[in-house]
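Participant: this is a predicted model, with the sequence first.
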Amino acid sequence: MAIQYQATLFCLSLMCSVLRLTPVVAQPQLFNNAKNPVKLGSFVEFDLAVKDVQVTQAFYESLGFKAVAAAKADHPVAAVTDGNVVLALHQAEFASPTITYYGANLAAGMSLLQETGVAATILKKKNGAATEIEFSDRNGQRVVLKSEAPVPRPDVGFEMMTPAGPTGKEKHYSRIGIFGEFSIAVKERATAAAFWQKLGFQKMHESDIPYPWGIYSDSVTVLGLHQTTEFKETALSFFSRDSKDRIVKLKEEGFTFVLEMDPTNAVMQSPDGQMIFVFNLP
């Protein structure tokens, strides 16, 4: 298994080099242009289905995440953040993880999806108008668009990945590094990329070495599309310059890793099986 993951590690290492060259804060003008003006929403949360909210919340908090206000739900829910990404923990059953956009223009979104040939399902309505819809990409990744504004969280704001270190932006740190991408295994990179680009994502980098993969962003989040069979589950990928020391420290405290590729790169799982990549930033 360790040998299988080496190609993914190589891709993510290249991704680090690419993202290090981008501005820290996503530049809106790079995304809202005449060629590709679409944006699905103003803020993204990753909704995770969990067995026990308290147990999973404690797990993420032990990794340095902070509890923040969660959106209202008809089931137990909590939210945690490293300041850069928000994970909403739902004690409920659904296709997990789900990419959830807030502040969405649903009329425009549904029209766009129809043009793209994607079937959207209305989940909620208010006064006859849709307020929440869902759809899936070509690889089955569930996406939810909500017209409601995101929960106010003054200390949370998405930024492109930067090297974790003494930059003074400690709100973006967790013990496993800084969130870099939501990694998705896809059947065909080109097809998957074309789909997301129609929805407003911009290509940041593409490569065919060691397998077809690419990095794409809509200025609200970052997706990594990997045409590989090395991993099947979607993963939350975190990066740091001192990942070796972080991994050693976590192991000393009793944390376990399902895979260690080398002293600086490892994979862990949440109590609910969510894959978490802990990688070194070159």
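Facilitator: Good, I have the coordinates.
Participant: and the residue positioned nearest the centre of the chain, helix, strand or coil?
Facilitator: Geometric centre of the chain, nearest residue: F182, 3.3 Å, by C-alpha atoms, centre = their mean. Assigned by DSSP: H, G, I helix; E, B strand; the rest coil, the conformation of F182 is strand.
Participant: for it, name its beta-bridge partners.
Facilitator: L223, L236 (DSSP bridges).
Participant: I'd say it and L225 touch.
Facilitator: No - the pair formed by F182 and L225 falls short of the contact definition of C-beta atoms under 8 Å, at 9.9 Å. Yep, even glycine has a C-beta here, placed from its N, CA and C like the rest.
Participant: so, low pLDDT: which residues of the stretch 101-250 of the chain?
Facilitator: Screening the stretch 101-250 of the chain residue by residue with the criterion pLDDT under 70, one finds the ranges 154, 157, 159-173.
Participant: which residue ranges of it form helices?
Facilitator: Applying DSSP state H, counting those that start in this stretch to the stretch 101-250 of the chain gives helices spanning 106-116, 189-198, 243-252.
Participant: deepest of the ones you listed, which one?
Facilitator: For the helices of the stretch 101-250 of the chain, ranked by mean neighbour count under the definition mean count of other C-beta atoms under 10 Å, the leader is helix 189-198 at a mean of 18.
Participant: contact partners of it?
Facilitator: Residues from elsewhere that reach helix 189-198 (C-beta atoms under 8 Å, 6 or more residues apart in numbering): 36, 38, 112, 116, 137-139, 184, 186, 201, 203, 206, 212-214, 216, 223, 225-227.
Participant: only whichever of those are buried, select them in PyMOL.
Facilitator: Here is the PyMOL selection string for the buried members of those, based on 16 or more other C-beta atoms under 10 Å:
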select buried, resi 36+38+112+137+184+186+201+212+213+214+216+223+225+226+227
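Participant: in strands, which of the contacts of helix 189-198 fall?
Facilitator: With strands defined by DSSP state E, the entries of those inside them are I184, K203, E206, W213, G214, Y216, L223, L225, H226.
Participant: reformat those residues as a markdown table; add distance to A190.
Facilitator: Formatted as a markdown table, those follow (distance: C-beta to C-beta, whole Å):
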| residue | distance to A190 |
| --- | --- |
| I184 | 14 |
| K203 | 11 |
| E206 | 9 |
| W213 | 11 |
| G214 | 9 |
| Y216 | 12 |
| L223 | 14 |
| L225 | 9 |
| H226 | 13 |
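Participant: looking at these, which one is closest to N265?
Facilitator: H226 (15.3 Å; C-beta to C-beta).
Participant: for I276, give me its contacts.
Facilitator: Contacts were defined as C-beta under 8 Å, 6+ apart; by that measure I276 touches I176, A235, L236, S237, F238, V267, M268, Q269, S270.
Participant: show the buried residues in those residues.
Facilitator: Applying 16+ other C-beta under 10 Å to the contacts of I276, the neighbour count classes I176, A235, L236, S237, F238, V267, M268, Q269, S270 as buried.
Participant: and those as a markdown table, adding distance to G128?
Facilitator: Converted to a markdown table, the buried ones among the contacts of I276 look like this (distance: C-beta to C-beta, whole Å):
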| residue | distance to G128 |
| --- | --- |
| I176 | 45 |
| A235 | 39 |
| L236 | 37 |
| S237 | 41 |
| F238 | 43 |
| V267 | 47 |
| M268 | 46 |
| Q269 | 43 |
| S270 | 39 |
